[in-house]
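Chemist: Sharing a model that was predicted from the sequence below.
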Amino acid sequence: MAEPRVIAEPRVIIVGAGPAGVRAAEVLVASGVRPVVIDEGRRDGGQIYRRQPEGFTRGYDSLYGTEADRALSLHETFDGLKDKIDYRPDTLVWNISQGRVWTNANGRVDDLEYDALLLCTGATDRVMPVKGWQYAGVFSLGASQVALKSQAVSIGRRVVFMGSGPLLYLVASQYVKAGANVVAVLDTAPFFARIKALPKLLAEPGVLWNGIMLTRMLQKSGVRVMTGVKPLEILGEPETGVSSLQFEAGGKVHEIACDAVAMGHHLRPETQLADLARCAFRFDAVTRQWLPVVDADGRSSVDGVYLAGDGARILGARSAEASGQLAAMTLLSDFGIAASDRWALRQAVANYARFATGLAEAFPWPHEQIADLADDVVLCRCEGVTVGEMRRVDAREANRAKAFNRVGMGRCQGRYCGLAGAEVLAAARDLPVEAIGRLRGQAPVKPISVGVAEDEA
Amino acid sequence: MSRSDVIIVGGGLMGCSAAFFLRQRGRSVTLLETDLVGRQASGTNFGNVRRQGRPIDQLPLANRAIETWRKAKELLGSDVEYLQSGHMRVCYRDRPENVEKMEQYAADARQMGLDLEILTGNALRARFPFLGPEVLAGSYSPLDGHANPRLASPAFARAAKRLGAEIHENTKMVSAEKIGTDWEVRTEDGRIFRAPILLITAGAWGDKIAAQLGEPVPFATLAPTMSVTEPVPYAIAPAMGVMTPVEKETVYFRQVARGNIILGGSTRAISYPDLYRAYVLPQNTVSQLQQIRRLAPALGKLNIIRVWTGIEGYTPDSLPVMGPSGKESGLFYAFGFSGSGFQIGPGVGETMAELIDTGKTDIPLAGYDIRRFAKA
């Protein structure tokens, strides 16, 4: 925006109260703006700094480990903001249309007009399908972390962590610390990928060091940690759930008895709201994902819509705080409220981006393994569609495939199967994965009741 | 340059079924589709295969179509999920005059071979216990049903292709000109197609082409409001709908074999045919859900998991433009079905094929003549 859009008191809505949303709110409040902060969570903190329910008494060290200070600072900041913002927890934004967000809370829908919208929608797990992943006892890494952080429970008695990326090691170590029985951490990435990515990873030496220490801690606790793994099958029964896991490593087939598997390959941004706000998207070749277009200051392609945190691209929690501040400052400047020097924050985010590229290279999304999945593996769990059905579909594009075989048509709207589905289809049609496109976001972002009532206010 | 007997512009249900029936009659066919076949209104509509409620003089066309729907699987070689599970049209207590209208309609429809059963009171409640207390009466059509719009047009296109039709997707027509006895159609990518017969089945874009050909039609493009619930055990066989003069009350639903309940109707939104996009307005979703709860309160317990829409072309009288051009020989139209083209689609294709092949049809088309919009 070249000319500031001068509005005396712009109505600003922030969606999400994780690290990006909280820091953005802090910046806005400091300039005298009272934003609406809408969050799906019951408490602030987002996923990474999720606060335990009232009445739970675990300390910050046990909940957040090396990130305890950051979690505490974020929570204290937000507590201090509460009477200076319009905070709406437990509230889903299910659609965006004509300059309004549509919310759903306690069975009531409401709509709120905005001049500026800052989307800090965070991320969910990127999951690779494995034969048997539909059995009870299989969780995403994020879900297994929620179980621990929020409810202080483990997902099983014998837990295997499988996938790749820093979150794999982080959640496994949190389980070990909490006293859960972690039998193995299985990483699909080969060890040498980490060595190759070292120069980029050195962009954030502190974070890198924490990662190395996590792995050492796991090994010292007697957890089997293996790299270069190819998942073969999660064995089990529909009635009783998971019983063991088969995988290949070092040219041999292994089987580990377990009753729960936590799976994830990094994260994927939650971009449906950006999509509904009609933001443009671009293909990111490093992560093989479609991301909303965002400039170095946090502006989307749509006037008045800003993006920050992992919802824009996966740069991690520390970057989310910086990008939340940055986007809020940009917004203030665009509306002629407060000018500030954003250079340092831009540099910080750029540095996290370099580190994130290193992580993506060190712990790659195993797209060749996905392209090789057997025909009978369930690809879309909501609709029960197999890999073979995806290969046979008369389509060369994601939305066309969905129209014919229902992949991504269920209640998760493809958030868990969309990326893997694109890999299967791309390989089957011999096309680059970007040619398959992305599933268009459709409201409601999460299911809403037919019984919703409209707010009378 | 490619030459055939007929060029069809627009690969929706009308165009794809016309291509199929023209091939059955031995005519060579080239179909040009801007995007992918069946991607627009033909693929995004509610999926009602409903004869009842149509204008009485449209029933011969609807009856012709139902024959094709019934044998679609054998005819096309793939399943379009047609369920002949009945269609129920109800009216509310606040408009008791509708019962008489329903009875009159049933009497007229019977003359045209469509049998309807009017239900009220205990008989209505016993048969459809999920209907809300405001429902006064209903008209049940046992031989109507519903099908999957996402599958129907592509199935016709594939079957037409197997019979030898040339189907060109991602091929946008930019001009059509009569040169001698041939139509010459140019496409955006520079190709030229020729044929003595040109059939325009371009749906919500039909008016633009008709105007290009010198026959403007007053036209609106609107986006219907559609939603779908999570799957629940299959329990409701017929498609259900409300008969009312009030647009926002006009809702309908059907349950597919997979278990999801598809909700449609209430207020329509504006659409963007030049961008090939349309968006569901959230306020329309909310209004639709309110009206659905009036019709069947128990559905209030379910969640919707997705909404969608498409672009439909409407004429001022809500009747299609269907038949020969008023100006040029060898030019035919079938577009502007005004939100109710899905059921009659295969009948339209078959009738247009007959008209093009033989020069005549017994199906009454007088009301759909494009000349009704010509300036006096």
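Modeler: Done, it's in.

Chemist: Would you mind identifying the next helix or strand past the helix of greatest length in chain A?
Modeler: Using DSSP state H to define each element, chain A has its longest helix at helix A:343-362. Toward the C-terminal end, the helix or strand that comes next after helix A:343-362 (DSSP states H and E) is helix A:367-371.

Chemist: what's next to that following helix, contact-wise?
Modeler: A:128, A:129, A:188, A:230, A:231, A:288, A:420, A:423, A:424, A:426, A:427, A:433 (Cβ atoms under 8 Å, 6 or more residues apart in numbering or on different chains). Just so you know, the C-beta spots here come from the backbone N, C-alpha and C atoms, and that holds for glycine as well.

Chemist: Among these, which one has the most neighbours?
Modeler: residue A:424 (29 neighbours; other Cβ atoms under 10 Å in any protein chain shown).

Chemist: right, and the secondary structure at it would be what?
Modeler: The three-state label given to residue A:424 by DSSP: H, G, I helix; E, B strand; the rest coil is helix.

Chemist: Do you know the pLDDT at it?
Modeler: pLDDT for residue A:424: 98.

Chemist: can you count the residues close to the residue nearest to it when sequence neighbours are not counted?
Modeler: Among residues not flanking residue A:424 along the chain, residue A:390 sits closest, at 4.8 Å (Cβ to Cβ, 6 or more residues apart in numbering or on different chains). Using other Cβ under 10 Å, the number of residues around residue A:390 comes to 26.

Chemist: swap in residue B:113?
Modeler: Residues within reach of residue B:113, counting by other Cβ under 10 Å, total 13.

Chemist: Take the contacts of helix A:367-371 and keep only those in strands.
Modeler: Of the contacts of helix A:367-371, the ones assigned to strands by DSSP state E are A:230, A:231.

Chemist: ok, of the contacts of helix A:367-371, which one's closest to residue A:311?
Modeler: The nearest member of the contacts of helix A:367-371 to residue A:311, counting by Cβ to Cβ, is residue A:288 at 18.0 Å.

Chemist: Distance of the closest one relative to chain B?
Modeler: Per Cβ to the nearest Cβ, to the nearest Å, residue A:288 is found 24 Å from chain B.

Chemist: these two touch, right, that residue and residue A:366?
Modeler: No. Using Cβ atoms under 8 Å, residue A:288 makes no contact with residue A:366, being 10.6 Å away.

Chemist: State the distance from the closest residue to chain B within the stretch 251-400 of chain A to residue B:154.
Modeler: At 6.2 Å from chain B, residue A:400 is the closest residue in the stretch 251-400 of chain A, using Cβ to the nearest Cβ. Per Cβ to Cβ, to the nearest Å, residue A:400 is found 9 Å from residue B:154.

Chemist: Those two: which has the busier surroundings?
Modeler: Between residue A:400 and residue B:154, residue B:154 has the larger neighbour count (other Cβ under 10 Å), namely 27 against 22.

Chemist: ok, the more buried one - contacts?
Modeler: Taking Cβ under 8 Å, 6+ apart as the test, what residue B:154 contacts is A:394, A:404, B:16, B:37, B:38.

Chemist: Closest to residue B:57 out of the residues you listed?
Modeler: Nearest member of the contacts of residue B:154 to residue B:57, counting by Cβ to Cβ, is residue B:16, at 25.4 Å.

Chemist: From what I see, the closest one and residue B:349 are in contact.
Modeler: Yes. The criterion here is Cβ under 8 Å, and residue B:16 meets it with residue B:349 at 7.1 Å.

Chemist: shared neighbours of the two, anything?
Modeler: With contacts taken as Cβ under 8 Å, 6+ apart, residue B:16 and residue B:349 have residue B:156 as neighbours in common.

Chemist: quick revisit: give me the mean pLDDT for the longest helix of chain A.
Modeler: Averaged over helix A:343-362, pLDDT sits at 94.

Chemist: cool, and stretch B:137-144?
Modeler: Model confidence over stretch B:137-144, given as mean pLDDT, is 97.

Chemist: And it, what's buried?
Modeler: For stretch B:137-144, burial by neighbour count (16 or more other Cβ atoms under 10 Å in any protein chain shown) applies to B:137, B:138, B:139, B:140, B:141, B:143, B:144.

Chemist: Just the CA trace of it, in CSV.
Modeler: Extracted C-alpha coordinates of stretch B:137-144, given in CSV (Å, rounded to 0.1, in the frame of the first residue of the first chain):
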residue,chain,number,x,y,z
ALA,B,137,-49.3,-31.3,3.2
GLY,B,138,-47.1,-33.0,0.7
SER,B,139,-47.1,-34.2,-2.8
TYR,B,140,-45.2,-37.5,-3.3
SER,B,141,-43.7,-38.6,-6.6
PRO,B,142,-42.5,-42.2,-6.2
LEU,B,143,-40.7,-42.4,-9.6
ASP,B,144,-38.6,-39.3,-9.2
